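Asker: give the three-dimensional model of this entry:
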Amino acid sequence: MIHLNRVALEIKTIGLYDLVLQDVQKIADKSKVSENEILEIMQHNPQILEDYKQINVEYNLSNIHLRDIKLNDIDEACKNEAKFINENLTHLREIEKYTLDFEQSSTLVIIFSVEFFVLFSVQYFIVLLDLKEWQLWIYSVFASSIVFAWWYAKKQQKKYAENSKIFEEKYEKTLEMIVQLEEKGCIQKADLIIEECEEHV
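Answerer: Okay, the predicted model is just below:
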């Protein structure tokens with residue numbers, strides 16, 4: 001469901017993917033690379049595509065380069081399957097953020113940020129407000145927040161793992177269904193491809 005020609009074009013022309021482009025240039029051993037060269041390099045270096053996909057997930061851009069099937073434009077016999085595919089595509093877009101490694105996710109960054117704020121607040125209350133007689137109680141609150149943060153991080157990590165597995169399974173199943181619907185003559189996959197990302201335009 002990822003359109004490789006679009007990937008190559010975006011790596012070559014959009015600044016968001018400059019680091020990926022630099023890796024491509026290093027592999028090609030030259031500063032100017034064509035889209036065809038990028039496609040060829042991606043074939044032999046799958047990490048290039050993975051890096052591109054990871055950047056998209058981090059910036060809340062979808063790696064599913066297919067639009068929903070227009071139900072009014074297809075035969076009645078194909079509508080139920082097409083509707084199911086559309087529902088799957090919607091769900092995949094919703095849980096795509098969980099395909100990012102939890103250790104690199106914004107969720108973990110937020111947890112650390114909150115803990116840093118709590119630590120700063122502890123120091124503020126004890127030192128600047130001269131609450132040294134309360135420091136044992138204040139430190140116990142901070143310790144409790146660390147335990148809570150650890151519990152919440154573990155819970156989120158499990159959620160990421162579960163949803164990532166669901167994503168992979170549903171992605172493959174939906175791709176198979178699209179191929180089957182195309183073989184029946186109900187749709188043309190080429191008509192569903194989103195050639196460019198609106199966020200980049």
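
Asker: give me the mean pLDDT for the helix ranked longest in the chain.
Answerer: When the chain is parsed with DSSP state H, its longest helix is helix 135-183. Across helix 135-183, pLDDT averages out at 87.

Asker: likewise for stretch 109-119?
Answerer: 75.

Asker: just the buried residues of it, please?
Answerer: I111, E115, V118 (16 or more other Cβ atoms under 10 Å). C-beta here means a position set from N, CA and C on the backbone, and glycine is covered the same way.

Asker: just give me the closest of those residues to A190.
Answerer: The nearest member of the buried residues of stretch 109-119 to A190, counting by Cβ to Cβ, is I111 at 43.1 Å.

Asker: returning to that earlier point: CSV for the buried residues of stretch 109-119, including secondary structure?
Answerer: CSV is the format used below for these (DSSP: H, G, I helix; E, B strand; the rest coil):
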residue, secondary structure
I111, helix
E115, helix
V118, helix
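
Asker: could I have stretch 104-117 exported to PDB, CA atoms only?
Answerer: Extracted in PDB, the C-alpha atoms of stretch 104-117 (Å, rounded to 0.1, in the frame of the first residue of the first chain):
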ATOM      1  CA  GLN A 104      11.300   6.300  19.900                       C
ATOM      2  CA  SER A 105       7.700   7.400  20.400                       C
ATOM      3  CA  SER A 106       6.300  10.700  21.500                       C
ATOM      4  CA  THR A 107       4.600   8.900  24.400                       C
ATOM      5  CA  LEU A 108       7.900   8.100  26.000                       C
ATOM      6  CA  VAL A 109       9.100  11.700  25.500                       C
ATOM      7  CA  ILE A 110       6.000  13.000  27.200                       C
ATOM      8  CA  ILE A 111       6.500  10.600  30.200                       C
ATOM      9  CA  PHE A 112      10.100  11.800  30.600                       C
ATOM     10  CA  SER A 113       9.100  15.500  30.200                       C
ATOM     11  CA  VAL A 114       6.500  15.100  33.000                       C
ATOM     12  CA  GLU A 115       9.000  13.400  35.300                       C
ATOM     13  CA  PHE A 116      11.500  16.200  34.600                       C
ATOM     14  CA  PHE A 117       8.800  18.800  35.500                       C
END
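
Asker: coming back round to it: E195: which of the buried residues of stretch 109-119 is nearest?
Answerer: Nearest to E195 among those, with distances taken as Cβ to Cβ, is I111, at 37.9 Å.

Asker: please report how far the closest one lies from K97.
Answerer: 16 Å (Cβ to Cβ, to the nearest Å).

Asker: ok, back up a step: run the chain-centre distance for the longest helix of the chain.
Answerer: 12 Å (Cα atoms, centre = their mean, to the nearest Å).
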